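> Take this sequence and fold it.
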Amino acid sequence: MKAATVHEIKQELLNCKPAETVELCLRLSRFKKENKELLTYLLFEAHDEEGFVTSVKNEIDELFSEINQSQLYFAKKSLRKIVRVINKYSRYSGIKETDLAIRIHFCTILKESGIPINQNAVINNLYLSQLKKINTVLATLHEDLQYDYRRQVDEL
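Numbers count the residues shown, from 1 in each chain. So this is what the prediction gives:
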């Protein structure tokens, strides 16, 4: 079976009755955890972006508190997991300011955590890749927002 294009799906959804659309969304949410998380974001958290950013930052803080720092191998695995979570939430939101706030928070916490960033090439590359993503998104923002975020990035 070949998947339909987004345009075709949109046209078909426009032809559906509201009750059918609700049933389709509920059925979709049963299949993958990410579908359910995205629907949760869209229905409950998209209207309060600041609250969403705060909850994501709290989750990042919690994940950092669980990092086993006894060996860099475990720290590296945990940091990769945190970056996967950040990427997922950034995709859900799609708002550049949210993406920046979450990634800047991650880099700040990483620097403050005491994990030796420069002693491990993988952790260093992970940190640098986050800085690169921050700078890429930062370049697309309005000048006033760029100035505000640039100060935070320069501290990193």
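> C-alpha only now, for contacts and for neighbours.
Fine.
> what's around Phe106, how many residues?
Phe106 has 22 neighbours, counted by other C-alpha atoms under 10 Å.
> distance of the closest residue to it other than its chain neighbours from Glu45?
Of all residues not flanking Phe106 in the chain, Ile60 sits nearest, at 7.1 Å (C-alpha to C-alpha, 6 or more residues apart in numbering). The gap separating Ile60 from Glu45 is 17 Å, by C-alpha to C-alpha, to the nearest Å.
> Settle it for me: which of the two has more neighbours?
Ile60 (21 against 17).
> ok, the more buried one to Asn124 distance?
19 Å.
> SS state for Phe52?
Secondary structure, DSSP: H, G, I helix; E, B strand; the rest coil: Phe52 is helix.
> Leaving out sequence neighbours, find the closest residue to it.
Here the residue nearest Phe52, using C-alpha to C-alpha, 6+ apart, is Glu45, at 6.0 Å.
> Surely that neighbour is in contact with Thr54?
No: using C-alpha atoms under 8 Å, Glu45 is not in contact with Thr54; the gap is 11.1 Å.
> Overlap of the contact sets of those two?
Common contacts of Glu45 and Thr54 (C-alpha atoms under 8 Å, 6 or more residues apart in numbering): none found.
> In the helix or strand harbouring Leu131, which residues are buried?
Taking DSSP states H and E as the definition, Leu131 sits inside helix 121-139. By 16 or more other C-alpha atoms under 10 Å, the buried positions in helix 121-139 come out as 123, 126-127, 130-131, 134-135, 138.
> Let me have these in JSON lines, adding distance to Tyr147 and pLDDT as columns.
Formatted as JSON lines, the buried residues of helix 121-139 follow (distance: C-alpha to C-alpha, whole Å; pLDDT from 0 to 100):
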{"residue": "Ile123", "distance to Tyr147": "28", "pLDDT": "89"}
{"residue": "Leu126", "distance to Tyr147": "25", "pLDDT": "92"}
{"residue": "Tyr127", "distance to Tyr147": "22", "pLDDT": "92"}
{"residue": "Gln130", "distance to Tyr147": "19", "pLDDT": "92"}
{"residue": "Leu131", "distance to Tyr147": "16", "pLDDT": "91"}
{"residue": "Ile134", "distance to Tyr147": "13", "pLDDT": "91"}
{"residue": "Asn135", "distance to Tyr147": "12", "pLDDT": "89"}
{"residue": "Leu138", "distance to Tyr147": "9", "pLDDT": "87"}
